[in-house]
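Student: My questions concern the predicted model and sequence given below.
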Amino acid sequence: MNRYQVQNSRICVAVSGGIDSLRTAALLKEQGCDVVAIHMKLFQEDTIPSQRLERIKRILETFGIDRIHLVDFSNHFEKLVIQPFIQSYISGMTPNPCTICNPTVKFGLLLNYATRVMGCSYLATGHYARIEKSPYDTARFAIRKAKDQKKDQSYFLFALAQDQLRKVIFPLGNISKREVLKWARNRRLEEMVQIESQEICFISAGRYSDFLENRVPPALLKAGPIKDLNGRVLGYHGGVHLYTVGQRRGLGIPSHAPYYVVKIEPETATIYVGRKKDIFSESATVQSVVWGAIEPPSAGSEFRAFVKIRQQHTPQPAIISVHSFTEAKVVFDEPQPAITPGQAAVFYDEDGFVLGGGFIKREASLDEKTSKPCGMEYQPA
């Protein structure tokens with residue numbers, strides 16, 4: 001069944017105000033679906049600008065959608081996304097909040113609300129990705145890369161569980177951003193084209209470091225030494241939250257060749273730096289793994305995949321060694337730069353299907369027996 005052509009289905013569309021979500025709503029309406037629009041309030045300080053929502057409502061009415069529902073998830077968003085984001089940074093990791101928000105809030109709380117409260121069969125969003133039957137197990141659904149490779153957002157969606165994938169649709173997965181922009185221009189919706197998603201939606205202005213410093217007690221943002229890999233002190237820094245693995249700028253260390261952040265040790269508030277060659281690694285441990293197109297492999301098994309370690313990274317061939325249901329080790333064929341704790345590592349096959357993925361683990365320091373995971377385990381809907 002092609003879920004993007006289901007007629008007479010009641011579908012909830014998450015409308016942010018950007019052109020992608022508006023095109024999603026219009027496309028489903030054109031296909032004969034009963035479309036209900038919904039807008040989430042995610043930030044406690046957000047007053048939900050009435051003028052902007054009124055403009056969105058007028059546009060939706062031209063599609064035949066006469067109402068937009070508002071839901072307030074700001075308290076949940078604070079607890080499930082913002083607080084783990086803050087904790088990860090002060091723990092020496094570099095989190096990606098979208099990979100946490102998607103399974104817990106957008107396709108967790110909102111999906112539950114859409115199906116159980118509003119009586120919809122599906123939740124649709126403007127993501128550029130595809131959901132298809134798995135080529136490995138027809139009982140499973142899988143995320144697949146979008147047709148528009150430049151806009152593909154499958155990396156951020158790897159953690160969706162099977163019960164979520166069965167109730168979610170991405171109508172833009174098979175069309176290009178260029179087509180969406182053309183549609184918008186033809187309908188004189190240029191002002192909405194400017195409303196694009198930010199990399200970190202809850203940081204609207206300034207730097208993420210400013211956000212952290214406004215939210216975290218100064219005692220937790222510890223200054224400390226910058227050391228080379230031999231332990232020699234080269235300088236001092238204002239807090240581990242200001243740095244990420246692979247970072248070159250902002251170190252303030254005079255040298256004939258640039259230094260790069262190689263390791264962050266929050267227990268001692270120490271930043272370790274080295275040369276460019278030192279940021280390359282061939283392996284990483286991945287935790288909180290969610291399996292996609294394939295059934296969870298047995299512990300001790302191995303398989304090959306293409307692994308992506310950040311949104312702008314080209315997936316590279318690697319061997320995945322399965323430690324347990326939720327943990328695996330990735331060994332790349334060739335060393336990769338800046339494998340960063342807290343970021344997602346997503347496993348793809350050669351056809352762009354997501355096989356699984358998890359969060360890159362921060363290896364324990366000498367005086368630390370265990371390391372903390374980035375974010376949280378997904379709790380099924």
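Tutor: Great, that's in hand.
Student: going forward, measure contacts between C-alpha atoms and count neighbours the same way
Tutor: OK.
Student: got a list of what residue 150 touches?
Tutor: If you count contacts by Cα atoms under 8 Å, 6 or more residues apart in numbering, residue 150 has none.
Student: Please, which helix or strand holds it?
Tutor: Using DSSP states H and E, residue 150 sits within no helix or strand.
Student: what separates it from residue 178, distance-wise?
Tutor: For residue 150, the distance to residue 178 (Cα to Cα, to the nearest Å) stands at 11 Å.
Student: Residue 323 against residue 300, yeah?
Tutor: Yes - with contacts counted by Cα atoms under 8 Å, residue 323 reaches residue 300, the gap being 5.9 Å.
Student: Who does the residue nearest to residue 228 when sequence neighbours are not counted form a beta bridge with?
Tutor: What sits nearest to residue 228 in space, not counting adjacent residues and going by Cα to Cα, 6 or more residues apart in numbering, is residue 273, at 5.0 Å. Here residue 273 sits in beta bridges with residue 228, residue 261, going by DSSP bridges.
Student: more neighbours, residue 323 and residue 300?
Tutor: Taking neighbours as other Cα atoms under 10 Å, residue 323 and residue 300 compare with residue 323 leading, 18 against 10.
Student: how much space is there between the more buried one and residue 287?
Tutor: 10 Å.
Student: Then residue 246?
Tutor: Residue 246 is 21 Å from residue 287, by Cα to Cα.
Student: The two: who's more crowded?
Tutor: Comparing residue 246 with residue 287 by other Cα under 10 Å, the one with more neighbours is residue 287, at 26 against 22.
Student: give me the element the more buried one is part of.
Tutor: strand 280-291.
Student: where along the stretch 101-250 of the chain do the helices fall?
Tutor: Using DSSP state H, counting those that start in this stretch, the helices of the stretch 101-250 of the chain run over 110-112, 162-165, 177-186, 190-193, 208-215.
Student: For residue 74, see how far away the spatially most distant residue from the centre of the chain is.
Tutor: Residue farthest from the centre of the chain, counting by Cα atoms, centre = their mean, is residue 256 at 37.2 Å. For residue 256, the distance to residue 74 (Cα to Cα) stands at 49 Å.
Student: One more: residue 135?
Tutor: In this view, residue 135 and residue 74 are 38 Å apart by Cα to Cα.
Student: what's the answer for residue 286, then?
Tutor: Counting by Cα to Cα - residue 286 and residue 74 are separated by 30 Å.
Student: List the contacts of residue 41.
Tutor: Taking Cα under 8 Å, 6+ apart as the test, what residue 41 contacts is 48, 70, 71, 72, 73, 74.
Student: Pull out the buried residues from these.
Tutor: If you count burial by 16 or more other Cα atoms under 10 Å, the buried members of the contacts of residue 41 come out as 73, 74.
Student: Switch the contacts of residue 41 over to CSV; also include pLDDT.
Tutor: Formatted as CSV, those follow (pLDDT from 0 to 100):
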residue, pLDDT
48, 62
70, 90
71, 93
72, 92
73, 95
74, 93
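Student: Tell me which entries of the contacts of residue 41 lie within helices.
Tutor: residue 74 (DSSP state H).
Student: Need the contacts of residue 41 in CSV (columns: distance to residue 260).
Tutor: Converted to CSV, those look like this (distance: Cα to Cα, whole Å):
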residue, distance to residue 260
48, 41
70, 45
71, 44
72, 42
73, 39
74, 37
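Student: And the contacts of residue 41, which is closest to residue 190?
Tutor: Distance to residue 190 across the contacts of residue 41 (Cα to Cα) is lowest for residue 48, with 21.3 Å.
Student: now stretch 327-341: how far from the chain's centre is it?
Tutor: The chain centre lies 18 Å from the centre of stretch 327-341; the measure is Cα atoms, centre = their mean, to the nearest Å.
Student: likewise stretch 166-175?
Tutor: 17 Å.
Student: Quick one: mean pLDDT over that stretch.
Tutor: Stretch 166-175 comes out with an average pLDDT of 96.
Student: how about that stretch: buried residues?
Tutor: 166, 167, 168, 169, 170, 171, 172, 173.
Student: what's the farthest-apart pair in those?
Tutor: So, the buried residues of stretch 166-175 by Cα to Cα: farthest apart are 166 and 172, at 16.9 Å.
Student: Send me stretch 222-241 as PDB with only the CA atoms.
Tutor: Output in PDB follows, covering the C-alpha atoms of stretch 222-241 (Å, rounded to 0.1, in the frame of the first residue of the first chain):
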ATOM      1  CA  LYS A 222      34.600  24.800  35.000                       C
ATOM      2  CA  ALA A 223      37.600  26.500  33.500                       C
ATOM      3  CA  GLY A 224      40.700  24.400  33.200                       C
ATOM      4  CA  PRO A 225      44.000  23.500  31.400                       C
ATOM      5  CA  ILE A 226      44.600  22.900  27.700                       C
ATOM      6  CA  LYS A 227      47.100  20.100  27.400                       C
ATOM      7  CA  ASP A 228      48.900  18.400  24.500                       C
ATOM      8  CA  LEU A 229      48.800  14.600  24.200                       C
ATOM      9  CA  ASN A 230      52.000  14.300  26.400                       C
ATOM     10  CA  GLY A 231      50.300  16.100  29.200                       C
ATOM     11  CA  ARG A 232      52.100  19.400  28.800                       C
ATOM     12  CA  VAL A 233      50.000  22.500  29.700                       C
ATOM     13  CA  LEU A 234      49.700  24.800  26.600                       C
ATOM     14  CA  GLY A 235      47.100  27.200  27.900                       C
ATOM     15  CA  TYR A 236      43.800  27.500  29.700                       C
ATOM     16  CA  HIS A 237      40.100  27.600  28.700                       C
ATOM     17  CA  GLY A 238      36.900  29.000  30.100                       C
ATOM     18  CA  GLY A 239      34.800  25.800  30.200                       C
ATOM     19  CA  VAL A 240      34.600  22.400  28.400                       C
ATOM     20  CA  HIS A 241      31.200  23.500  27.000                       C
END
